[in-house]
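Colleague: My questions concern the predicted model and sequence given below.
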Amino acid sequence: MPELSKLLRQRLAATENGPAPTHPDADTLTAYVEKSLPATERQAVIAHLSVCGPCREVLVLSQPELPELATQTVLAPAPVSPWRRLLRPAFGLAASVAAMAIIAVLVLRLPQKSSQQAAQPTTSETQQAKANPVGDQTAAPEAKPAVPAQPSGAGFASAPQSHPALNDKDARAQMKREEPARAKMAATFGAPPSMAAPPPSAKTLGLTAGLQRKDFVNTDFFAANNADVVLDGQSKKDFPSAPQPQTAAAGTLFSANTKITGFSDIPTNAGGTSNVRILTPNPPSKPLSYKLGQLASATVHSLHLHTNVAPNLRAGALGASTMGEPGSFSATLLKNPNAEVKAAPEKADAGSLAASDALSPGALSANSFASRESAPVSWKVVSGKLIKSAGQSQWEEAYPGAGFEFSFVTARGNDVWAGGSHASIIHSRDAGLTWETVRLGEAATGTIVSIMAGTLNVQVKTSDNQSWSSTDGGKSWTQN
Amino acid sequence: MSPGPRPAELPVLTLRALYEKSGGERYGLTLQAFGVVLEQVAVKYVPQATQQQRLEFWRDLKLEELALARACAAGHDAAWQAFLTRFREKLYDIARGITKEDSSARDLADSLYADLYGTSERDGCRVSRLNFYMGRGSLEGWLRTVLAQEFVNRYRKTKRLVSLEEQAEEGVQFSAAAPSSPTSPLDSRLGAALDEALGQLADEDRLVLASYYLDDRTLTEIGRVVGVHESTISRRLEKLLKTLRKQVLAGLVSRGMNRGQAEEALEADVRYLQVDVTRKLQENRPAAFQQDKGSD
């Protein structure tokens, strides 16, 4: 492969720019890039490009920069060959059978060896040993049929020792299966350098085989089985017992449990009945995640209630309170003009807690636990285009055919402001469904570098160091 | 203007419809002048076409931008105002995208702007570069291409003036005498077989190979040049190499080698070619472009 690459370079370079080329003019190259050339002319341009390095350079340089969304990497699942897919269940089954066979052999052989020195156990004893595994038989119920015979401690101890042998065997089987594929790869010409995959090593294969075996053969089965026995014994002490039916009379609650005599001095409520009924564990009817979601939701809800009763901020203070020092917000975005702007949650006033850093993003996102369909719209400017996403990884141009290049976007809930070259600004109150063009004064020049928008107060800065402000939501503007 | 404009041959109604579509009136361009421009474009690109074919060709042009550019070239203030509003900032942005550096971008854009305005005179008239815009692609695309051409031209000019120290830094080696690569009969057979295989390739396949192996372009860049997705380029490259190898082997066999010798020749001959390849690539690949790629 590399040898032909070098040869290829040499021969391609030798035939470059052979005859004195007549380069296509800028119009034709532009039309080629924009795919507006007729087929015959397009073919002629391609023929020229195939032997003209400078024109290829021009063509690549003249391409508009790639928008970010075009370079998004899509992670595809790792390719699995059909053979491996077919063999997986069989492989897992074979490994299980092999493990059981080894255990059975050990179980049958070990007592025979020990019997050479000790007294030979009777057949009935052996059968009894096979029939009665060690441990609490009731704790390891019929739910574990995969290990029918666990006669002695030796059986448990020898089981993990059989794993390395199994690994080697599996690895060899794996390598054998992959050999045709590797031989096929070696036989082919190979991929270009950037596409060439490293050859699989035996070490990798062994590791892979081990990992895959773990997927299909429950290596933790023995430990888990044993642990079940122990845990089951402990569980009666550690975990609360099944909930008991509650009775209306408080006295009967405690009469059943004589250990809680220390609670006799618990204060009673006005009715004279004890209120310790809350100590009785509730039946675990809901999953834990649901409860956590409810808890987070309740927390955020209570915080919202709290902010609603807080005094409203003056309109004039919005810019400073929500966006910090004038210019600081824009400076952050200017460093990364392609930065994604997520629409801040729209609140009754800009001083709400949700807009500040008081709540973690996790807590705020928990608010949408119950209503995931209302994902926030994200906004960003890429290559002079205004782009929005509705929570998924799909982006779309929000304002095509603008006639100017976007440079800045900011959003609060459904209220979106975007600006660009020639002091152009557009504003949407419905998350980009409809837009209105905002006109600054006639003297406005430069590219919009910052928009700080409150409910009514809006402040705009341009690249020509102009500062414009509006106190009526963008209807009228004054230059500062 | 160009010789042989025949505006009278264009039906007046058709010309007026195209003129209205272009909006040339608001830029100060007259109907007569617009007709001359259309005729000039047709003479350049479809000289043998019938009147109907010409009409279809004109309809596909970017008429509004063509009128704007030609009105600017004619010196109409309204057109210049519109041009500056739309393209002044964009020109700098495009230049910055090409040079990846601010000061040289401004220099490049200013230089083109002077050409567009027309600083030189011919027969007492300013010669604006906008006179060369024919409206086949968008005006912005044309400005991009012209800027890129200007940048490549500049590089090729200044390349001859690069000092020896800079050339040494770029990795150019100054050997006393270039060792002549041994041109054995094996070489000639291998080269001929590969040339033959390359000669059978379609132009687009050769473009893909040249972009990948000579220009060191990424799959994405090649995909954009050819107009297909990068994964298609990846597959095509793989397929091309397999085909080429088969053809080269067959070519070597047809030149008197057996299969084993052909395989061996393909692998053994590289050491003789390596020096030439390196030098050839240094000649054909501007170092500045390689640096640009590296910084991407």
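Modeller: Received it, and whenever you're ready, just let me know what you need. Quantities reported herein were computed from a predicted structural model and do not represent experimental measurements.

Colleague: element containing the residue nearest to B:Leu214 when sequence neighbours are not counted, please.
Modeller: With sequence-adjacent residues excluded and distances taken as Cβ to Cβ, 6 or more residues apart in numbering or on different chains, B:Leu214 is closest to A:Leu12, at 5.4 Å. Using the backbone N, CA and C atoms, a C-beta is placed for each residue, glycine as well. For A:Leu12, the host element (DSSP states H and E) is helix A:2-14.

Colleague: Just name whatever secondary elements that helix is in contact with.
Modeller: helix B:185-199, helix B:203-209, helix B:230-254, helix B:259-268, helix B:270-284 (3 or more Cβ pairs under 8 Å, 6 or more residues apart in numbering or on different chains; DSSP states H and E).

Colleague: What's the local residue count around the residue of chain B found nearest chain A?
Modeller: Minimum separation of chain B from chain A (Cβ to the nearest Cβ) falls at B:Gly137, amounting to 2.9 Å. Residues lying near B:Gly137 (other Cβ atoms under 10 Å in any protein chain shown) number 26.

Colleague: helix, strand or coil for it?
Modeller: Three-state call for B:Gly137 (DSSP: H, G, I helix; E, B strand; the rest coil): coil.

Colleague: Kindly report the same for A:Val416.
Modeller: Strictly by three-state DSSP, A:Val416 counts as strand.

Colleague: show me the contacts for it.
Modeller: By Cβ atoms under 8 Å, 6 or more residues apart in numbering or on different chains, the contact set of A:Val416 is A:Ala343, A:Trp379, A:Val409, A:Thr410, A:His427, A:Ser428, A:Ala431, A:Gly432.

Colleague: at 6 Å what do you get?
Modeller: By Cβ atoms under 6 Å, 6 or more residues apart in numbering or on different chains, the residues touching A:Val416 are A:Ser428, A:Gly432.

Colleague: and the nearest residue to the residue of chain B closest to chain A once chain neighbours are set aside, what element?
Modeller: Nearest non-adjacent residue to B:Gly137, counting by Cβ to Cβ, 6+ apart: A:Thr30, 2.9 Å away. Applying DSSP H and E as the criterion places A:Thr30 in helix A:26-33.

Colleague: Flag the shaky bits of the chain, pLDDT-wise.
Modeller: As the question left the chain open, I've gone with chain A. A:1-4, A:17-21, A:66-91, A:110-376, A:390-393 (pLDDT under 70).

Colleague: wait, chain B
Modeller: By pLDDT under 70, the low-scoring segments of chain B are B:1-13, B:122-123, B:159-187, B:268-296.

Colleague: Which residues of it lie near chain A?
Modeller: Counting by Cβ under 6 Å from any Cβ of the partner chain, chain B comes close to chain A at B:85, B:89, B:97-98, B:134, B:136-137, B:141-142, B:144-146, B:148-149, B:152, B:194-195, B:203-204, B:206-207, B:210, B:213-215, B:221, B:224-225, B:237-238, B:241-242, B:245, B:267, B:270, B:273, B:277, B:280, B:284.

Colleague: Selecting buried members of these in PyMOL, what would you type?
Modeller: Of the residues of chain B next to chain A, the buried ones can be selected in PyMOL as follows, counting by 16 or more other Cβ atoms under 10 Å in any protein chain shown:
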select buried, chain B and resi 89+97+98+134+136+137+141+142+144+145+146+148+149+152+194+203+204+206+207+210+213+214+215+221+224+225+237+238+241+245+270+273+277+280+284
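
Colleague: looking at it, the residue nearest to B:Gly137 is touching B:Thr145, isn't it?
Modeller: Yes - A:Thr30 lies in contact with B:Thr145 (Cβ atoms under 6 Å); the separation is 4.9 Å.

Colleague: Just name the most buried of the helices and strands packed on helix A:2-14.
Modeller: Here the criterion is mean neighbour count by mean count of other Cβ atoms under 10 Å in any protein chain shown, and of the helices and strands packed on helix A:2-14 the winner is helix B:203-209, at a mean of 21.

Colleague: what helices or strands is it leaning on?
Modeller: Helix B:203-209 is packed against helix A:39-49, with contacts defined by 3 or more Cβ pairs under 6 Å, 6 or more residues apart in numbering or on different chains; DSSP states H and E.

Colleague: Check which residues of the helix it packs on are buried.
Modeller: A:Glu41, A:Arg42, A:Ala44, A:Val45, A:Ile46, A:His48, A:Leu49.

Colleague: quick one on the thing from earlier: please export the C-alpha coordinates of the helix holding A:Thr30 as CSV.
Modeller: Provided in CSV are the C-alpha atoms of helix A:26-33 (Å, rounded to 0.1, in the frame of the first residue of the first chain):
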residue,chain,number,x,y,z
ALA,A,26,-13.3,33.0,-12.1
ASP,A,27,-16.9,32.9,-13.3
THR,A,28,-16.6,29.4,-14.5
LEU,A,29,-14.9,28.2,-11.3
THR,A,30,-17.6,29.9,-9.3
ALA,A,31,-20.3,28.3,-11.3
TYR,A,32,-18.6,25.0,-10.8
VAL,A,33,-18.5,25.4,-7.1
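
Colleague: That helix versus helix A:39-49: what angle between them?
Modeller: 100 degrees (axes from the mean of the first three to the mean of the last three Cα atoms, to 10 degrees).

Colleague: can you pull the contacts of the residue of chain A found nearest chain B?
Modeller: Nearest residue of chain A to chain B: A:Thr30, at 2.9 Å (Cβ to the nearest Cβ). Listed by Cβ under 6 Å, 6+ apart, the contact set of A:Thr30 reads B:Gly137, B:Gly141, B:Trp142, B:Thr145.
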